[in-house]
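Student: quick check, what structure comes out for this input:
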Amino acid sequence: MTRLYLVEDHTIVREGLRAVFEAAGFTVVGESDNIAQSLSDLAELVPDVLVLDLGLGARSGLDLLAQLQGLGLPTQVLVLTTSDRPRDIAEAVRMGAAGYLLKGTSGRQVVEAIHEILQGRRPSVEKESGVFDALQGERNADPLALLSARERQIMRMVVGGQSSAAIAAELNLSPKTVDTYRSRLMAKLGVHEVTGLVRLAVKTGVIDANPT
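Tutor: Now for the predicted structure:
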């Protein structure tokens, strides 16, 4: 059963999301309206998906994303917010968000988005909201701009032919965490197989097409 955690500073919104998710068969294992409590709960509960608002009073959900990266959790992040600024979208994705939805999205579409990111895909509803266009603009400017430093590192190791087990041993991570990073970076880059990742690595200079 898919386990969710909600971070949203409006109680009524959290209650509405909980009702939608529980009706869809998900389990909401916790919720919070602040970053400190959220990080503590996430480290303990390790949910499958974190549904995150960027507007958290005086703080930003981007701050939580930045700190969450350091925990190395397999939790996927779905941003659900009001901000449609391309900079916020690109930054959230660079920090590991597997999906970015606007609050005008229907409950059904949010549920579908969760299923999609658990399958390693970007939510299809992003194409309807302008989020996809913002991400495509970032990819066109710099295909690797959306990757975190850790994702770039794992990309180099994957295209270098290392297995998830070998990468995990070298980076002191679990193979499952490596697979999660791998799925995320491939989704961000819009590639679906390692051969496509290798072609992109050659194109962007991550690896040399003609090693000597």
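Student: export stretch 65-79 as CSV, just CAs?
Tutor: Presented in CSV, the C-alpha positions along stretch 65-79 are these (Å, rounded to 0.1, in the frame of the first residue of the first chain):
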residue,chain,number,x,y,z
LEU,A,65,13.9,19.8,-0.5
ALA,A,66,17.4,21.0,0.0
GLN,A,67,17.7,19.4,3.4
LEU,A,68,15.9,16.3,2.3
GLN,A,69,18.6,15.6,-0.3
GLY,A,70,21.1,15.0,2.4
LEU,A,71,19.0,12.3,4.1
GLY,A,72,19.3,9.9,1.1
LEU,A,73,15.7,8.7,1.5
PRO,A,74,14.0,6.7,-1.3
THR,A,75,10.9,8.9,-0.8
GLN,A,76,9.6,10.5,-4.0
VAL,A,77,8.5,14.1,-3.9
LEU,A,78,5.4,15.6,-5.5
VAL,A,79,5.2,19.4,-5.3
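Student: so Asp48 makes contact with Leu4?
Tutor: Yes. When contacts are counted by Cβ atoms under 8 Å, Asp48 is listed as touching Leu4 (6.9 Å). No exception for glycine: its C-beta is placed from N, CA and C like everyone else's.
Student: give me the more crowded residue out of the two.
Tutor: Leu4 (24 against 18; other Cβ atoms under 10 Å).
Student: state the distance from Val51 to Ser164.
Tutor: 27 Å (Cβ to Cβ, to the nearest Å).
Student: ok, those two, which is more surrounded?
Tutor: Using other Cβ under 10 Å as the criterion, Val51 and Ser164 rank with Val51 on top: 27 against 20.
Student: so in this protein, which helix runs the longest?
Tutor: In the chain, taking DSSP state H as the definition, the longest helix is helix 175-189.
Student: what's downstream of that helix, the next helix or strand?
Tutor: As assigned by DSSP states H and E, the chain's next helix or strand after helix 175-189 is helix 194-203.
Student: run the chain-centre distance for that following helix.
Tutor: 21 Å (Cα atoms, centre = their mean, to the nearest Å).
Student: list the buried residues for it?
Tutor: By 16 or more other Cβ atoms under 10 Å, the buried positions in helix 194-203 come out as 197-198, 200-201.
Student: I'd assumed Tyr100 was in a helix, is it?
Tutor: No. Per DSSP: H, G, I helix; E, B strand; the rest coil, Tyr100 lies outside any helix segment and is strand.
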